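A.B. asks: Quick one: sequence and predicted model below, then my questions.
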Amino acid sequence: MTTSIYSRYHKQSLIETGGKVSQTQRLTTVPEEYPDSLLHEVVGNETLDQLAKKYYGREELWWRIADANPAKFPWDWQAGDILVIPPIRVATRTPRR
């Protein structure tokens, strides 16, 4: 999956911890909460890019879902976990620099 330059995962390296490969991430502030966010229960082997395609029509926006759910690494979500899906207006905005 590719990452946007605005993602906390952009240009971050892979590390191995406890025999498991993971990706480092930049520290970010606590994600904003939006009253019009959706909650999605992960089913089967769904991935964040599949969910981005489903909710936003663009799989490259997977990192917006990842940033809204910082409690877990993006590839560690499992069936039954609940994800916050930010509204499309938030997922497609460009942060100010």
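C.D. replies: Yep, that arrived. Remember, it's a predicted structure, so these values are computed and weren't measured experimentally.
A.B. asks: Which element is encountered next along the chain beyond the top helix by length along the chain?
C.D. replies: The longest helix of the chain (DSSP state H) is helix 48-56. For helix 48-56, the following helix or strand on the C-terminal side (DSSP states H and E) is helix 62-68.
A.B. asks: For that following helix, which helices and strands make contact with it?
C.D. replies: Contacts defined by 3 or more Cβ pairs under 8 Å, 6 or more residues apart in numbering; DSSP states H and E place helix 62-68 against helix 48-56, strand 82-85, helix 88-91. Where you see a C-beta, it was placed from the backbone N, CA and C, and this is true even at glycine.
A.B. asks: and the first one, what does it pack onto?
C.D. replies: Under the contact criterion of 3+ Cβ pairs under 8 Å, 6+ apart, helix 48-56 touches strand 38-41, helix 62-68, strand 82-85, helix 88-91.
A.B. asks: Pro74 is nearest to which of the ones you listed?
C.D. replies: Within the helices and strands packed on helix 48-56, the stretch nearest Pro74 is helix 62-68; the backing value is 4.2 Å (Cβ to Cβ).
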